[in-house]
Structures are given as C-alpha cells and as structure tokens.
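Chemist: What follows is a predicted protein model with its sequence.
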Amino acid sequence: MTNVIHKSNRNAPPCVLQDYASVYRDFDWAAARAQLDGLPRAGGLNIAHEAVDRHVLHGHGDAVALRWIAKSGATQDISYRSLAARSNAFANVLERLRVAPGDRVFVLADRIPELYVAALGALKHKNVFCPLFSAFGPEPIQSRMSIGDARVLVTTARLYRRKVAELRGRLPGLAHVLVIPDDSGEGMPDGCLDLAALLADAGTDFTIPATSADDPALLHFTSGTTGKPKGALHVHGAVVMHYMTGRFALDLRAGDVFWCTADPGWVTGTSYGIIAPLAIGATLLVDQEEFDAERWYRTLASERVDVWYTAPTAIRMLMKQGDELPKRFDLSRVRFVASVGEPLNPEAVVWGHEVLGLAIHDNWWQTETGGIMIANYRSMDVKPGSMGKPLPGVEAAIVDHTASGIRVIDAPEHTGELALKVGWPSMFRTYLNEAARYEKCFVGDWYLTGDLARRDADGYYWFVGRADDLIKSSGHLIGPFEVESVLMEHPAVAEAGVIGKPDPIAGEVVKAFVALKTGHAADEATRKALLAHARKRLGAAVAPKEIEFQNSLPKTKSGKIMRRLLKARELGLPEGDTSTLETST
Ligand code: ATP
Ligand code: MG
C-alpha cells in the first residue's frame, strides 16, 4: 500500500491554503469573521445574507448560484439575484403567516430548488431550518418534528400524502404545512397551503432583521449510527466556519462548480451542500437523482465540476463498478476531491489517485461540530488512511480519561479519544431536549468527540474507531477500521464491517462481515483467502477469527456502516433505534 501520495498541482489555480503551517500559526477567528460582510443596515451576522444577498450587493447577481439537474436530466440555472429574490419571497410568506423568529421550519423534500429557497428564506426570517431526509418514513419524521417542535413544514404533495397526512394529529404544534404542488392531478391535500401560490403572491424585497451570531439557525439530527439520533442546534455564526473551511479544506473559490453529493437532510448536505459554496460565491451543482455510477461520471465531466465532495460509501460503490467505466469520461477538469462521513479506506484514496488521477482527500467532522475540523489539504501530501490535520482555528488533541477528568497526551502514536478545544464558531449549542447529554460532552475547555484516534509524528491524525466500537481481544485494543481497511485491500471485497464478538477466553474476538464484489463466490475458498490475507497483513491477534458473507451491510440512510446493528444481530439483541437504517439492506 502506498504510504504517501504527493500533492498534485493538476489544474492550477494555486491552492487557497498554500502554507498550512503559517496559516495555522497566525490564524484568528476575528480576522476570519472580517472576511464576511455582516448585515448592511441591521448589523450582525446572518447566514443567508452572507450566502446570497451580499454577492448581489457586490455586483455578482448574475453569477449562477445553483445549477439544478432534474431526474430527467434537464437543467435549470438559478442566479444569485434570482435566489435572493426567491428566498425573500419565502421570508415574506413566513411573515405573512405570522411565524415568529426562532420557530422551526422543517423541510421534507428531495433535492428540488424549493428546498434551497425555503432554507435560505427561513434563515432570512430568523427561523431555524431543519431538513428531513426525504426517504424517511412517517415514524422518523414524526419523532424529529416532535423533538424539534416544528411550527412550519415545507413538503411536496406526494410526500405529504404518503408520509405526513397520517401524522398531523400527532403534531399539535405544527401550524402550517406549505405544499409544493405536483402534477398528479390530485390537487392540494386538505389542511395544506399551496406554496407556489403563496410565493407568487409574495413580494421579492425583504430586509433581514438584526441577527446575532449566537441566534439559532440550523437544527440537524445526527445519523443514528450509534443509537437514537440527537438534535444538534447550530447558530448563524457558523457561517464563518463554513466559509473558511470551504476555502481551506475544499479549496473552493468564487466561480467554481462545486458538487456535494450529500443530501441536505444531513449536516454535510447543508453546511457544504448549501451554505459554504454559496458563501464563497461558487456554483452549487445539485442533482435530484440518486446514485448511479455512470450518471455521476457523466455529471463530473459534462458539468465541468471543479471540486467534488462525496462520501466513502459512494466511492466504494464506484470502485465496485470497475475501472473501465470512468475511462469513458473526461474527468481532467476536476481539481479536488474530498470525502467525509466514515473512515475512508486507504484503498479508496489510492483508487482515486489511479482512476481519477487525484487522491481522494479525507476529512473528519461531525453533526455536532457543524463544519470540517480535520482535513487533508490540496497543498499537502496525503497519507492514505489518515484524516489529515486540524483546520486553522481548530485545536485538536488526543486525550486519556483519568479519575479526575482527562489528560492531554502529547506523545505521538498514542490512541485516545479525539478532543477539540471549544470556541470554533459552528460548535453545536445544545442537543434538543437532552441538555444533560450535551453537558457530558465537555470536560473543561474540551469537547469530547466519542471517536478514538491517534496522531503521528508529522501531526497527521488517524481514525481508530468510535469509542463504542473498539474491540478488546486478549489484551489488545483493536479498531475496526484497521481490520476493515485490510479486508478492503483484497480484490474480492466490496464492503467490510468488523465487530467484537464476546468470547469466554479472549474477552472478544474479531468478527468480520463482508460483502463481495460481483463475480466472487461467497464460499469456503474465498473465506480462507480473506482470512489468510488478513492474518498476513495484521497478524493473528488482530485478524478476524470469523468471516460472514452478506449481500450488503446494514447502513444508515446517509451511507454509514451500522456496526451496532451487526453486533445486535450477531448477539440476538434488540436492534434499538433503526429510524435511519437504509431499508434495502
Ligand atoms: P450518531 O451520533 O447518531 O451515532 P453519527 O455519529 O454517525 O451518528 P454524524 O454526526 O453524521 O452522526 O457522523 C459523525 C461521525 O462519523 C464521526 O464522529 C465519526 O465517527 C464518523 N466520521 C465522519 N467523518 C469521518 C472520517 N473522515 N473518518 C472517520 N470517521 C468519520
Ligand atoms: Mg455521532
């Protein structure tokens, strides 16, 4: 396996973050904030002003803010000026309905332009925007809207009929349902308002009221990988982080075509699928369609994507399709590729380098952190398997728990919990209805992430596993990621998920669940080959003792392998909250 992939200078312009060490050393948040405008009359910081209106004020109203690709393949361009006007109209609709500032506006829709208009309009009106993934069933929708005390829901007629109508009686706080009409011919459902008609009637001028950087802006539910999803609340000041990290970690600049494949139903799809690229003045590419390898390669080529932000599952699915398909497309325009959401196996980083001609740059963050915290930068060599180095303005540490609290471990190569010094602008401000749980995340000045990691002597961070997933076998501590990555190196393996299975002698033994690539048989010979490969690479103590083949592994709807479910199923225990489980698995 390649240990280092040297930085690539393909497709100048030069990197936004050219000299990591000096920018990190000299960084200060006040200077970062000063790169944004603030509200011209009322003062303060409002995400939607920074993302949209200020570009119009600066004379860039004609630039394309959003290029939408419908499922049919038809495209629609929305300029910054038009997005400003349309989001103003939405803010005026909220005003007319007497929705109070701070009230939560939920959106349940697939990736259609109205979603983006509603998100930005709600932020202008100082409402809290909460996106719901459109593939959720009624139960997860109901529980999130109850926890979030939804006042307004924006959805489509089809989704309303299929999922929300039956819940209305259980959502007494929901005052208005604004429905985007469809062409089903069934008309407006009862108890709903026609959003298209309201927008057509609304004025397109709106003055954003004074907004403090501490005013709540976004509510995001976590992915539910380790248990019941938590509702993390974020503030308007987060835009400083989105802007800065979009530039430094994603190498984005004004005028770039940027494609973030995450759905806005998850934090990535809002922080980087809406706010960061717009705040920077880029063109946000949005594809309404779900994953399709050929369509994705075609989109990268024909839309002339400059920067692409995606996730390990998507990359693994592309890898599964083989290396011939991408050769049919000219992908040479792409300047930078990044990934987030789960550990990115070294194999995938190297695949990117070989097939796309660009290493895939992993970065790490969480719903709670609101923005990228640790990243591989375009200007830095990539060590495949590493998450990279902390963003300027972010202080990360590896800590051990002690009887009296925590201890920061300065020595390299020590595995401990990844902690972040509080104070970055997009830090979550609470878990809704779970204040005690929020408090427990902090010890002194440190936020504890619940993830285990180590830092090497060059300052690169390496993900080891979630604290809950760590395997203790015969006195060894084993991170599932390490074992999964080695299994992924084998040509037969498409996906791997590793758990600790209780064992009377070893405490736990390593068990791997493996999905094979097409053309490989789930038989004894393959199992033996995989076990031998793992033993050779990891040694007998760390290699799996058992391998079980599955067609595909259980994942969250955002694409993360749910190890807790593999474990519960293995042990015959209750499956717990499965509201975010991808149902096809
Ligand atoms: P829940 O908190 O409900 O269990 P979740 O932690 O999966 O769900 P998110 O906030 O969406 O919800 O995901 C953040 C987590 O995803 C991180 O804490 C980490 O475990 C994992 N993660 C994200 N990016 C990376 C990465 N680059 N490498 C390794 N792990 C990552
Ligand atoms: Mg989490």
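Modeler: Ah, there it is. Numbers count the residues shown, from 1 in each chain. Ligands and ions are numbered 1, 2, ... in the order given.
Chemist: and the stretch 151-300 of the chain, which residues reach ligand 1?
Modeler: For the stretch 151-300 of the chain, the contact set with ligand 1 under CB under 6 Å from any ligand atom comprises 222, 223, 224, 225, 226, 227, 229, 230. (Glycine included, C-beta is placed from N, CA and C.)
Chemist: and the closest residue in space to the third one that isn't next to it in sequence, what does it touch?
Modeler: Okay, so that is residue 224. In this structure, residue 224 finds its nearest non-sequential neighbour in residue 580, 3.7 Å apart by CB to CB, 6 or more residues apart in numbering. Each residue near residue 580 by CB atoms under 8 Å, 6 or more residues apart in numbering is listed here: 133, 136, 140, 223, 224, 225, 229, 556, 557, 558.
Chemist: Which secondary structure element is home to residue 86?
Modeler: Here residue 86, judged by DSSP states H and E, is contained in helix 80-96.
Chemist: name the helices or strands packed onto the helix or strand just after that helix?
Modeler: Counting by DSSP H and E, the element after helix 80-96 in chain order, helix or strand, is strand 104-108. Applying 3 or more CB pairs under 8 Å, 6 or more residues apart in numbering; DSSP states H and E, one finds that strand 104-108 contacts helix 113-124, strand 128-132, helix 138-147, strand 150-156.
Chemist: How far off centre is the first one?
Modeler: Helix 113-124 sits 19 Å away from the centroid of its parent chain (CA atoms, centre = their mean, to the nearest Å).
Chemist: So for it, what gets flagged as buried?
Modeler: Burial within helix 113-124, assessed by neighbour count using 16 or more other CB atoms under 10 Å, is assigned to 113, 114, 115, 116, 117, 118, 119, 120, 121, 122, 123, 124.
Chemist: Throw the helices and strands packed on strand 104-108 into CSV and include mean pLDDT, thanks.
Modeler: Output for those, formatted as CSV (pLDDT from 0 to 100):
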stretch, mean pLDDT
helix 113-124, 98
strand 128-132, 97
helix 138-147, 92
strand 150-156, 98
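Chemist: Make TSV out of these and add distance to residue 56.
Modeler: Shown next, in TSV, are these (distance: least, CB to CB, whole Å):
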stretch	distance to residue 56
helix 113-124	12
strand 128-132	21
helix 138-147	33
strand 150-156	23
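Chemist: Quick one, which of those gets closest to residue 379.
Modeler: Of all these, helix 113-124 sits nearest to residue 379, with 30.9 Å by CB to CB.
Chemist: if we can go back for a sec, for PyMOL, write the select line for the buried members of the residues of the stretch 151-300 of the chain next to ligand 1.
Modeler: The PyMOL selection below is limited to those of these classed as buried (16+ other CB under 10 Å):
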select buried, resi 222+223+224+225+226+229+230
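Chemist: Residue 462: neighbour count?
Modeler: By other CB atoms under 10 Å, the residues close to residue 462 number 20.
Chemist: element containing it, please.
Modeler: strand 461-466.
Chemist: is stretch 386-401 up against ligand 1 anywhere?
Modeler: Yes: on the criterion CB under 6 Å from any ligand atom, stretch 386-401 is in touch with ligand 1 at residue 387.
Chemist: Can you mark which positions in that stretch are buried?
Modeler: Judged by neighbour count using 16+ other CB under 10 Å, the buried positions of stretch 386-401 are 386-399.
Chemist: Report the two of the residues you listed separated the most.
Modeler: Farthest-apart pair in the buried residues of stretch 386-401 is 392 and 399; separation 21.3 Å (CB to CB).
Chemist: Skipping its backbone neighbours, what lies nearest residue 121 in space?
Modeler: residue 90 (2.6 Å).
Chemist: Verify the contact between that neighbour and residue 116 for me.
Modeler: No: using CB atoms under 8 Å, residue 90 is not in contact with residue 116, being 10.0 Å away.
Chemist: list residues touching both of these two?
Modeler: Counting by CB under 8 Å, 6+ apart, residue 90 and residue 116 have no contacts in common.
Chemist: and residue 134, that's in a strand?
Modeler: No: Residue 134: not assigned to a strand; according to DSSP: H, G, I helix; E, B strand; the rest coil it is coil.
Chemist: and it, how many neighbours?
Modeler: Considering only other CB under 10 Å, residue 134 is surrounded by 22 other residues.
Chemist: which parts of the protein sit against ligand 1?
Modeler: Listed as neighbours of ligand 1 in the chain under the rule CB under 6 Å from any ligand atom: 222-227, 229-230, 340-344, 362-364, 366-367, 387, 449, 451, 463, 466, 560.
Chemist: In a helix, residue 188, correct?
Modeler: No: using three-state DSSP, the assignment for residue 188 is coil, not a helix.
Chemist: contacting residues for the spatially closest residue to it that is not a sequence neighbour?
Modeler: The shortest distance from residue 188 to any non-neighbouring residue, by CB to CB, 6+ apart, is to residue 194 (5.3 Å). Going by CB under 8 Å, 6+ apart, residue 194 touches 178, 179, 181, 188.
Chemist: can you do 7 Å?
Modeler: For residue 194, the contact set (CB atoms under 7 Å, 6 or more residues apart in numbering) comprises 179, 181, 188.
Chemist: Any idea which helix or strand in this protein has the lowest mean pLDDT?
Modeler: For the chain, using mean pLDDT, DSSP states H and E, the weakest element among its helices and strands is strand 476-478, scoring a mean of 84.
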